[in-house]
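Trainee: Sequence unavailable; structure follows:
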């Protein structure tokens, strides 16, 4: 996520200055390569530490074989996801937020279709259990990868041949923004987990926690577009737009939080008994 923020900021500023699409393509290419190298490294470490790590966080010996079936495939497939994630940031920096959403919706739809087929073995598909879920995720990420690369290469022209002599310098500039942003992104999942736990305890069931998680992600969705927008305005738009942008974004976030919180409270109080069994095995 830190690399994605760095890519979108750098490309937003370059395109906002009206200028060198070749330089923007070079930064996009080097940023994607950097993200891929980091993810492959992390994936390799995850594979090597799979059993010790999950034992450390409390997995029982009976669960470890099941965890290994899923995570071994997941670690091998996760590099496929890094290109769409970082590539979507580059696409958003051009001012197009719809295409990245379509890419991820396509991946989610494919995953949703393949999950039951590969988990339970419907029709001609083999019954693979939890391993099938990981394979379904990998296939969906592969489709997202192809779609993202198509947009970056054919439409946006934001990919070019890597220039090794400039790779280190460009990565340094990307990480000047990405390094401070990475801890902020890393802290979001624990915060959502804490909020989900509190909401579930407050209402006495799990449905409230799941709904709160959806609301929390809705609130944070503005993060995807504010960075490239402000970056573009910083070099191309009037200065007052850059100064007012954080206030407008915060206002939108707080209004949406209140707009969703009120029906959420009613849902927790009145409809939980009807909804909870739907999500209960």
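Mentor: Received, thanks. On a predicted model such as this, the values are computed, not experimentally measured, just so you know. Residues are numbered from 1 along each chain as shown.

Trainee: tell me the contacts of residue 40?
Mentor: Neighbouring residues of residue 40 by Cβ atoms under 8 Å, 6 or more residues apart in numbering: residue 79. Any C-beta I mention is one placed from the backbone N, CA and C, and that applies to glycine too.

Trainee: quick one: which helix or strand includes it?
Mentor: Assigned by DSSP states H and E, residue 40 falls within helix 21-48.

Trainee: Could you check that helix and say which residues are buried?
Mentor: 23-36, 38-39, 43, 46 (16 or more other Cβ atoms under 10 Å).

Trainee: just stretch 102-111 next, same as before
Mentor: Going by 16+ other Cβ under 10 Å, stretch 102-111 has these buried residues: 103, 104, 106, 107, 110, 111.

Trainee: Can you show me the helices along the stretch 101-250 of the chain?
Mentor: Using DSSP state H, counting those that start in this stretch, the helices of the stretch 101-250 of the chain run over residues 130-150, 164-203, 206-220, 223-236, 239-266.

Trainee: just to revisit the earlier point, just name the closest of the buried residues of stretch 102-111 to residue 169, please.
Mentor: residue 103 (29.4 Å; Cβ to Cβ).

Trainee: how about that closest one, what does it touch?
Mentor: 84, 88, 144, 147, 148, 151.

Trainee: change it to 10 Å
Mentor: 84-85, 87-88, 91, 143-148, 150-151 (Cβ atoms under 10 Å, 6 or more residues apart in numbering).

Trainee: same thing with residue 34?
Mentor: 3, 6-7, 82, 86, 167-168, 170-172, 174-175, 178.

Trainee: How about residue 31: what's its closest non-neighbour residue?
Mentor: residue 7 (3.9 Å; Cβ to Cβ, 6 or more residues apart in numbering).

Trainee: and if you look at residue 176?
Mentor: residue 6 is the one closest to residue 176 (Cβ to Cβ, 6+ apart), at 7.3 Å.

Trainee: Tell me the spacing between the one you found and residue 104.
Mentor: 20 Å (Cβ to Cβ, to the nearest Å).

Trainee: now residue 10
Mentor: In terms of Cβ to Cβ, residue 10 sits 22 Å off from residue 104.

Trainee: same deal with residue 119?
Mentor: 21 Å.

Trainee: Equivalent analysis for residue 158, please.
Mentor: Counting by Cβ to Cβ, the gap from residue 158 to residue 104 is 18 Å.

Trainee: Same question for residue 25.
Mentor: For residue 25, the distance to residue 104 - Cβ to Cβ - is 23 Å.

Trainee: Near the residue nearest to residue 21 when sequence neighbours are not counted, how many other residues are there?
Mentor: Nearest in space to residue 21, with sequence neighbours left out and distances taken as Cβ to Cβ, 6+ apart, is residue 157 at 6.3 Å. Neighbour count of residue 157, defined by other Cβ atoms under 10 Å: 13.

Trainee: How about residue 53?
Mentor: By other Cβ under 10 Å, neighbour count at residue 53 equals 14.

Trainee: Hmm, it is touching residue 45, no?
Mentor: Yes - here residue 53 reaches residue 45: they are 9.4 Å apart, a contact under Cβ atoms under 10 Å.

Trainee: Quickly find the element holding residue 68.
Mentor: Counting by DSSP H and E, residue 68 is part of helix 64-77.

Trainee: Tell me the helices and strands packed up against that helix.
Mentor: Using 3 or more Cβ pairs under 10 Å, 6 or more residues apart in numbering; DSSP states H and E, the elements in contact with helix 64-77 are helix 21-48, helix 50-56, helix 130-150.
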